[in-house]
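*Asks:* got a predicted structure plus its sequence, pasted below:
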Amino acid sequence: VQLVESGGGSVQAGGSLTLSCVTPGFTLNYYGIAWFRQAPNKPREGVSCIGSTGGGANFADSVKGRFTTSRDTASKTVYLHMTNLNPEDTAVYSCATTTPVCPSTFASKYFSSWGQGTQVTVSS
């Protein structure tokens with residue numbers, strides 16, 4: 001199972017970015033997809049999860065109201081739409097597969113295949 005992230009970059013505080021997670025090698029319909037991030041010297045943090053039908057999305061408290069997620073089954077792509085970014089959002093963002101219904105937590109045991117990540121840098 002392969003996942004490929006893209007869309008990262010550098011942006012000023014208050015700006016927006018949309019990340020993409022493409023799943024070229026498998027049928028997206030069977031999986032929920034989560035986004036995680038890891039900043040230097042910090043543990044990995046779950047950011048969002050969207051279920052296989054596009055519903056049941058959940059978000060970390062730190063991004064609620066600023067981030068949304070969506071999926072396009074035809075293009076096998078899941079998006080993370082990030083707005084009102086701040087320097088604390090600086091991290092490597094990765095996507096991962098999970099069960100069709102998103103777990104209630106972001107504990108690693110519920111997530112399997114991971115992408116290589118894309119860097120997001122927010123300057124003040």
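*Replies:* Yep, it's here.

*Asks:* least confident secondary structure element in the protein?
*Replies:* strand 58-59 (a mean of 89; mean pLDDT, DSSP states H and E).

*Asks:* list the strands paired with that one, with their directions.
*Replies:* strand 45-50 (antiparallel) (DSSP bridges).

*Asks:* now the partner strand: buried residues?
*Replies:* 46-50 (16 or more other Cβ atoms under 10 Å). C-beta here means a position set from N, CA and C on the backbone, and glycine is covered the same way.

*Asks:* return the set of residues that bridge with the residue nearest to the spatial centre of the chain.
*Replies:* Residue closest to the average C-alpha location in the chain (Cα atoms, centre = their mean): W35, at 2.3 Å. Counting by DSSP bridges, W35 is bridged to S48, C95.

*Asks:* if I look at it, how far off is G55?
*Replies:* Distance, W35 to G55, by Cβ to Cβ, to the nearest Å: 16 Å.

*Asks:* kindly report the same for W114.
*Replies:* For W114 relative to G55 (Cβ to Cβ), the value is 23 Å.

*Asks:* with adjacent residues omitted, what lies nearest to G51?
*Replies:* Leaving aside its sequence neighbours, G51 sits nearest to G32 (Cβ to Cβ, 6 or more residues apart in numbering; 4.8 Å).

*Asks:* number of nearby residues for the one you found?
*Replies:* Under the neighbour criterion other Cβ atoms under 10 Å, G32 is assigned a count of 26.

*Asks:* equivalent analysis for V92, please.
*Replies:* 18.

*Asks:* ok, now T77?
*Replies:* Neighbours of T77 (other Cβ under 10 Å): 18.

*Asks:* report pLDDT for it.
*Replies:* T77 is assigned 95 on the pLDDT scale.

*Asks:* need the contact list for it.
*Replies:* For T77, the contact set (Cβ atoms under 8 Å, 6 or more residues apart in numbering) comprises 20-23, 71.
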